[in-house]
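Peer 1: Sequence and predicted structure, then a few things I'm wondering about:
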Amino acid sequence: MLRSVLCTITLLTGLLGVLPAAADVKPDVTALAQTPYSALYVGNSFFYYNNSLHAHVREFVLRAESKNEFRSVSATISASGLNWHDVAAYFRPDAVGSYSFDAKNTVIFTPKGKKPFDVAIMMDCSQCPVHPELKALFVEYAEKHAATVRANGAEPVLFMSWAYQNVPEMTGELADAYTAVGNKLKALVIPAGLAFAKAQGQFPEIGLYQKDKRHPTLAGTYLAAATTYATLFGKTPEGNRYTADLPDEVATKLQTAAWAAVQAYFKK
């Protein structure tokens, strides 16, 4: 059903022109109350491609925030929606996040009694928030998981995913869906989808998508990481020394697009 709907939208777009990639719904929450020192990522392959989004965000943080550590864990299931995840289990004592590895591969144990995560960054499947048969589940499980996250002393954050490369109209639909639920939950939203649209418009020579037109290339993951860093810390990623081994000019362009998208979304 959705495939036929998307094809129809694509055809109409070709006849009428591409619709602007923007969010009509405005975010009520524009910043976290406290600086995070640890993060849990709950999602799917959009997160784990290219050595995982969480690893790239951590590199941004370590180079910009003068932190000796920024703990992060990614709990992902291929093709999953939020309803596939048992988020309560991720906060079980002495389980996820109870130890990590440093640069020398030494096991570092999290002190007993320390809460495992400051924020939980959650995304649904790539179509779920706008799919006619799945969007109700998005709202239901975003609300359910946000309550679980807060009950464990962390703050829920929603990750606005990007449109498929050949269906750019998804950008605005996903942006509105995530922002509306973020407002309902009083939760921060990371505007990664808007950053993708911004970078595609400004720098079309940079390939953000794999051949399947859904999953991110390294450049796409880097852009998402820059947007995540900018949103969580309220600071520009521009000038950050971390480039993920991309050419310097590419990293610079993606940092610029990420910061522009974040500023526009939150009206900073």
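Peer 2: Everything's here; your move. Numbering: from 1, shown residues only.

Peer 1: Now do the contacts for residue 230.
Peer 2: 236, 237, 258, 259, 262 (C-beta atoms under 8 Å, 6 or more residues apart in numbering). Backbone N, C-alpha and C define where each C-beta goes, glycine included.

Peer 1: Contacts only, for the closest residue to it other than its chain neighbours.
Peer 2: In space, and not counting its chain neighbours, residue 230 is closest to residue 262: 4.4 Å by C-beta to C-beta, 6 or more residues apart in numbering. By C-beta under 8 Å, 6+ apart, the contact list for residue 262 reads 191, 195, 227, 230, 231, 268.

Peer 1: Just the CA trace of stretch 166-181, in PDB.
Peer 2: The C-alpha coordinates for stretch 166-181 follow below in PDB (Å, rounded to 0.1, in the frame of the first residue of the first chain):
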ATOM      1  CA  ASN A 166      14.000   8.900  -4.500                       C
ATOM      2  CA  VAL A 167      11.000  10.100  -2.300                       C
ATOM      3  CA  PRO A 168      12.200  13.500  -0.900                       C
ATOM      4  CA  GLU A 169       8.600  14.300   0.100                       C
ATOM      5  CA  MET A 170       9.100  12.000   3.100                       C
ATOM      6  CA  THR A 171      11.300  14.600   4.600                       C
ATOM      7  CA  GLY A 172       8.500  16.900   5.700                       C
ATOM      8  CA  GLU A 173       6.200  14.100   6.700                       C
ATOM      9  CA  LEU A 174       8.800  12.500   8.900                       C
ATOM     10  CA  ALA A 175       9.800  15.800  10.400                       C
ATOM     11  CA  ASP A 176       6.200  16.600  11.300                       C
ATOM     12  CA  ALA A 177       5.500  13.100  12.700                       C
ATOM     13  CA  TYR A 178       8.600  13.100  14.900                       C
ATOM     14  CA  THR A 179       8.200  16.700  16.000                       C
ATOM     15  CA  ALA A 180       4.500  16.200  17.000                       C
ATOM     16  CA  VAL A 181       5.400  13.200  19.100                       C
END
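
Peer 1: Look at residue 6 and report its pLDDT.
Peer 2: pLDDT, residue 6: 49.

Peer 1: Residue 104 - how many residues pack around it?
Peer 2: Neighbour count for residue 104, taken as other C-beta atoms under 10 Å: 5.

Peer 1: distance between stretch 227-241 and the chain's centre?
Peer 2: For stretch 227-241, the separation from the chain centroid amounts to 13 Å (computed by C-alpha atoms, centre = their mean, to the nearest Å).

Peer 1: For it, list the C-alpha coordinates in PDB.
Peer 2: Written as PDB, here are the backbone C-alpha positions of stretch 227-241 (Å, rounded to 0.1, in the frame of the first residue of the first chain):
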ATOM      1  CA  THR A 227      23.500  16.800  13.600                       C
ATOM      2  CA  THR A 228      23.200  14.600  16.700                       C
ATOM      3  CA  TYR A 229      26.200  16.300  18.400                       C
ATOM      4  CA  ALA A 230      24.900  19.800  17.500                       C
ATOM      5  CA  THR A 231      21.400  19.000  18.900                       C
ATOM      6  CA  LEU A 232      22.600  17.300  22.100                       C
ATOM      7  CA  PHE A 233      25.200  19.900  23.000                       C
ATOM      8  CA  GLY A 234      23.700  23.000  21.400                       C
ATOM      9  CA  LYS A 235      27.000  23.800  19.800                       C
ATOM     10  CA  THR A 236      28.100  24.000  16.200                       C
ATOM     11  CA  PRO A 237      30.100  21.000  14.800                       C
ATOM     12  CA  GLU A 238      31.800  23.400  12.400                       C
ATOM     13  CA  GLY A 239      35.600  23.300  12.800                       C
ATOM     14  CA  ASN A 240      35.500  20.000  14.700                       C
ATOM     15  CA  ARG A 241      38.700  18.100  14.100                       C
END
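
Peer 1: Tell me the buried residues in that stretch?
Peer 2: 227, 228, 229, 230, 231, 232, 233, 236, 237, 240 (16 or more other C-beta atoms under 10 Å).
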